[in-house]
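Visitor: just need the structure, nothing else, for what follows:
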Amino acid sequence: MVKKYRVTLTALEREELAALLARGKADVRKLKHAQVLLHADEAGIGDGAGSGPGWCDARIAEAVGVGVATVQRLRQRFVEEGFAASLGIYRSGGRVYERKLDGEQEAHLIALACGTPPDGRARWTLRLLASRMVELQHADAVSHETVRQTLKKRPQAAPAPDVVHPAQAIG
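Guide: Purely as a prediction, here's the structure:
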C-alpha cells in the first residue's frame, strides 16, 4: 500500500525525539506521538543509510498501543503542519464564537445595571436586564448568560450595596 503522507525526520528531529523518550517526563500523548514518528521515519530508506524503520501504520499502532487512525492523522499533521505541530496539542479545547454584544451594547448594559431597578424590584436580575436590553432595542436577542458573562468581566457594573455574596445569602 502506497503511503500518502511520508514521515522523513532529520537527524536533529530524531535526536530530539530520542531525548524526549529517554527523559520520559512529558505528557503521555506527546510520548506516544514521539514513538509513532520514530517508527514511521522513512529517512534514508532505499539509499542504504537506514536511519528509520519506516514501519507500516498497523505495525506502528500495535507496537505503540494507539489506533491506526491516530498513526494516519499524526503522519498527516507532520507533513502538513511540521514537526512541532505533530508533537503539540492539537485540540484547542474551546470554540471561537462571535461576540453577542459589541462595546456600545456592553456600555448600555452596564449603564442599565448601574441604574435603578424597575418598580417593585430591589435589584436587577440577569433575566430582567436581558429582557430590558431587547425592549430598548440595544440588541436583537440577549440571553441571561451573556448578561452574566458581560457583567462578570466588569466588576464595577454592579453597585456594591446590591451585590449579594454567597456567605451573606447563607446567613
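Visitor: verify the stated contact: residue 143 with residue 130.
Guide: Yes. With contact defined as C-beta atoms under 8 Å, residue 143 reaches residue 130; the gap is 6.2 Å. To be clear about C-beta, it is placed using only N, CA and C from the backbone, and glycine gets the same treatment.
Visitor: and these two? which has more neighbours close in?
Guide: residue 130 (20 against 12; other C-beta atoms under 10 Å).
Visitor: quick one: the strand or helix carrying that one to chain centroid distance?
Guide: Assigned by DSSP states H and E, residue 130 belongs to helix 126-135. Distance of helix 126-135 from the chain centroid (C-alpha atoms, centre = their mean, to the nearest Å) equals 31 Å.
Visitor: pull out the buried positions in it.
Guide: Using 16 or more other C-beta atoms under 10 Å as the test for burial, helix 126-135 gives 126, 128-130, 132-133.
Visitor: send the alpha carbons of the helix or strand just after it over as CSV?
Guide: Toward the C-terminal end, the helix or strand that comes next after helix 126-135 (DSSP H and E) is helix 144-153. C-alpha atoms of helix 144-153 as CSV (Å, rounded to 0.1, in the frame of the first residue of the first chain):
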residue,chain,number,x,y,z
HIS,A,144,-29.2,36.0,30.7
GLU,A,145,-25.9,34.1,30.4
THR,A,146,-24.5,36.7,28.1
VAL,A,147,-25.5,39.4,30.6
ARG,A,148,-23.8,37.4,33.4
GLN,A,149,-20.6,37.0,31.5
THR,A,150,-20.5,40.6,30.5
LEU,A,151,-21.1,41.9,34.0
LYS,A,152,-18.6,39.5,35.4
LYS,A,153,-16.0,41.0,33.1
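Visitor: other residues contacting helix 144-153?
Guide: Under the contact criterion C-beta atoms under 8 Å, 6 or more residues apart in numbering, helix 144-153 has outside partners 100-101, 106, 109-110, 113, 125-127, 129-130, 133, 157-158.
Visitor: can I see the domain layout of the protein?
Guide: Annotated domains of the chain cover 11-87, 103-154 [automatic domain parsing].
Visitor: in terms of mean pLDDT, which of those ranks lowest?
Guide: Mean pLDDT values for those show the minimum at domain 11-87, a mean of 86.
Visitor: measure it end to end?
Guide: 17 Å (C-alpha to C-alpha, to the nearest Å).
Visitor: just how off-centre is that domain within its chain?
Guide: Distance, centroid of domain 11-87 to centroid of chain: 24 Å (C-alpha atoms, centre = their mean).
Visitor: nothing else from me, thank you.
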